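In: Model the following, please.
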Amino acid sequence: MGKYKILVFIALLFSAAVAQDTKVTWAFDGQIQLRSELDGRDFSNKTYPLTYTLSRIRLGATANVGNSVSFYFQAQDSRVFGEESAISTNTKNLDLHQGYVKLIKPFDLPITAQAGRFTVAYGDERFFSSSEWSYIGKAWDGLRLSYGSTWKVDVFALTRKDSVSYLTAADPAKYSYPAKSVYSAGVYGAWLTFAADKQNKFDAFVYYDVTRSKSSNLDYDSLQLTTAGLTHAGSYDNLSTQFDGAYQFGKNNKRDVSAYLLSLQVFYKLDILKVGLGGDMISGSSGGAKGKYYTFETPYNATHRFLGYMDYSFKNASSKYLLGVNDIYLTSTVAPVNCAFNFGLNLHHLLTNKQDANGSTALGDEVDLTVKYEMIKGTTLTWGGSVFVPGNSLKTSYTTTKGNRNDAAFWSFVMLTANF
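Out: Alright, predicted model coming up:
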């Protein structure tokens with residue numbers, strides 16, 4: 001759906017909904033997240049670790065017009081401490097993080113329409129996430145229609161980027177003739193959530209990711225990617241499970257795509273202790289796969305949540321590693337009764353899905369430890385520390401002209417998150 005059609009659609013729905021009810025109620029929310037990090041992730045004991053502090057401050061307001069219309073506005077300031085050149089400068093980091101209107105049952109139809117700028121997060125956020133760990137987060141411009149309650153389906157049209165310039169006045173000279181394609185990128189799809197019973201919850205989804213980048217030297221859409229998948233969350237007394245599976249097909253720079261993601265986690269809770277065993281398999285491409293692309297892409301997921309907390313670049317397969325990732329991991333949390341503290345320990349054994357040029361698959365092993373303290377309701381102080389021992393594949397890729405990078409890497413943080 002074109003942007004102008006969306007605007008007309010919103011205007012019609014809005015005028016119909018507001019006419020029914022004009023009573024307005026207000027609600028406010030806010031958050032401040034401050035995190036200081038000690039970053040020694042370069043696999044070299046000869047260098048000094050980096051230190052920085054990140055800040056994210058959000059303030060939101062909701063206006064409900066009767067039972068028919070809801071407006072939401074959320075301003076956000078995101079910054080790295082000291083990034084201004086002087087204390088008298090302003091980097092203008094204040095932005096609209098979310099700003100949308102929701103129309104509930106417009107024209108008495110059993111749907112909710114959401115349009116504007118909003119976050120998108122589903123399931124365990126392996127495919128779509130608002131990225132709450134990030135000091136910026138993710139938000140989309142677009143339209144989402146929702147139907148149902150027990151069985152809920154969302155249909156969405158989201159814009160990643162559009163190069164069409166807005167014209168304040170009609171100017172024939174700015175309309176190309178003959179017509180030519182311009183750069184734009186978007187995601188279009190549907191997400192179904194349903195509960196078979198109290199113990200089993202399923203998500204089924206499909207979305208189409210397209211990058212239209214036609215120009216004089218590029219006469220094809222650089223990305224035409226369809227992702228279809230199914231997730232299942234099970235809860236059986238002390239035992240719980242999480243399964244994610246998806247398949248990707250289409251075109252990536254004219255290469256045929258055939259990629260998959262499989263993940264299974266099993267958890268057992270015993271009194272104050274919860275332990276879990278999991279495995280992720282994210283397909284990759286070997287060097288000999290000419291004309292084919294087998295690497296599964298997850299650009300919109302919760303990056304920090306999966307494959308260890310140290311966020312190495314092999315998580316983003318499209319940026320450096322096309323070999324894919326296999327992860328075998330053990331998780332554990334301890335939450336003492338009537339105690340403001342809880343503790344977490346995760347162990348990851350990471351491999352590439354395909355062998356590298358030297359025949360190796362060993363990325364390395366990571367240990368993550370976290371301690372959380374709930375100061376008051378809504379306010380949490382968290383400390384985390386991680387160590388990564390590199391394997392042969394990672395050692396080779398991080399080698400520089402100044403020498404090898406074979407040492408264990410480390411990273412630590414202290415974070416305060418306060419919500420109201």
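In: Find the residue ranges of the stretch 1-150 of the chain scoring beneath the pLDDT cut-off.
Out: Segments of the stretch 1-150 of the chain classed as low confidence (criterion: pLDDT under 70) are 1-21.
In: can we see that at 50?
Out: For the stretch 1-150 of the chain, residues meeting the criterion pLDDT under 50 lie at 1-4, 7.
In: ok, which stretches of it are helices?
Out: Secondary structure of the stretch 1-150 of the chain (DSSP state H, counting those that start in this stretch): helices located at 3-18.
In: For it, which segments are assigned as strands?
Out: If you assign secondary structure with DSSP state E, counting those that start in this stretch, the strands in the stretch 1-150 of the chain sit at 24-40, 50-65, 69-80, 94-104, 111-118, 140-147.
In: want to throw these into CSV with distance to Asp154 and mean neighbour count?
Out: Just so you know, the C-beta spots here come from the backbone N, C-alpha and C atoms, and that holds for glycine as well. Conversion of these to CSV gives the following (distance: least, Cβ to Cβ, whole Å; neighbours: other Cβ atoms under 10 Å):
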stretch, distance to Asp154, mean neighbour count
strand 24-40, 22, 14
strand 50-65, 20, 16
strand 69-80, 16, 18
strand 94-104, 13, 18
strand 111-118, 9, 20
strand 140-147, 5, 20
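In: Export those as JSON lines, with columns for distance to Gly308.
Out: As requested, these are exported to JSON lines (distance: least, Cβ to Cβ, whole Å):
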{"stretch": "strand 24-40", "distance to Gly308": "14"}
{"stretch": "strand 50-65", "distance to Gly308": "19"}
{"stretch": "strand 69-80", "distance to Gly308": "23"}
{"stretch": "strand 94-104", "distance to Gly308": "27"}
{"stretch": "strand 111-118", "distance to Gly308": "29"}
{"stretch": "strand 140-147", "distance to Gly308": "27"}
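In: Of all these, which one is nearest Val206?
Out: Across those, the minimum distance to Val206, taken as Cβ to Cβ, is reached by strand 140-147, at 15.0 Å.
In: which outside residues touch that closest one?
Out: Residues lying outside strand 140-147 but in contact with it, judged by Cβ atoms under 8 Å, 6 or more residues apart in numbering, are 1, 6, 9-10, 110-120, 152-160, 186-187.
In: let's see it at 7 Å
Out: 6, 110-115, 117-118, 120, 152-159 (Cβ atoms under 7 Å, 6 or more residues apart in numbering).
In: Can I get that strand in CSV, CA atoms only?
Out: Listed next in CSV are the C-alpha coordinates belonging to strand 140-147 (Å, rounded to 0.1, in the frame of the first residue of the first chain):
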residue,chain,number,x,y,z
TRP,A,140,9.1,1.4,12.5
ASP,A,141,7.0,3.8,10.3
GLY,A,142,3.9,2.0,9.0
LEU,A,143,0.5,0.5,9.4
ARG,A,144,-0.7,-2.5,11.4
LEU,A,145,-4.2,-4.1,11.5
SER,A,146,-5.0,-6.5,14.4
TYR,A,147,-7.9,-8.9,14.6
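In: C-terminal to that strand, what's the next element?
Out: For strand 140-147, the succeeding helix or strand toward the C-terminus, using DSSP states H and E, is strand 151-162.
In: which helices and strands sit right next to the following helix or strand past that following strand?
Out: Tracing the chain past strand 151-162, the next element assigned as helix or strand by DSSP H and E is strand 184-195. For strand 184-195, the elements it packs on are strand 151-162, strand 200-212, judged by 3 or more Cβ pairs under 7 Å, 6 or more residues apart in numbering; DSSP states H and E.
In: burial measure for Leu230, as a count.
Out: Using other Cβ atoms under 10 Å, Leu230 has 14 neighbouring residues.
In: so it sits in a helix?
Out: No - secondary structure assignment (DSSP: H, G, I helix; E, B strand; the rest coil) places Leu230 in strand, not in a helix.
In: Name the residues linked to the closest residue to Trp151 other than its chain neighbours by a beta bridge.
Out: When the adjacent residues along the chain are set aside, Trp151 lies closest to Phe194, with 4.4 Å between them (Cβ to Cβ, 6 or more residues apart in numbering). Counting by DSSP bridges, Phe194 is bridged to Trp151, Phe202.
In: Let me see the contact set for Phe194.
Out: Contacts here follow Cβ under 7 Å, 6+ apart; on that basis Phe194 touches 150-151, 202.
In: Closest one to Met281 out of those residues, please.
Out: Using Cβ to Cβ as the measure, the one of these that approaches Met281 most closely is Phe202, at 20.4 Å.
In: pretty sure the closest one contacts Gly229?
Out: No - with contact defined as Cβ atoms under 7 Å, Phe202 and Gly229 do not form a contacting pair (11.0 Å).
In: between these two, which one's more packed in?
Out: Higher neighbour count among Phe202 and Gly229: Gly229, with 21 against 17, using other Cβ under 10 Å.
In: Tell me how far the nearest residue to that one once chain neighbours are set aside lies from Ile282.
Out: The spatially closest residue to Gly229, leaving aside those adjacent along the chain, is Ala246, at 2.9 Å (Cβ to Cβ, 6+ apart). Ala246 sits 10 Å away from Ile282 when distances are taken as Cβ to Cβ, to the nearest Å.
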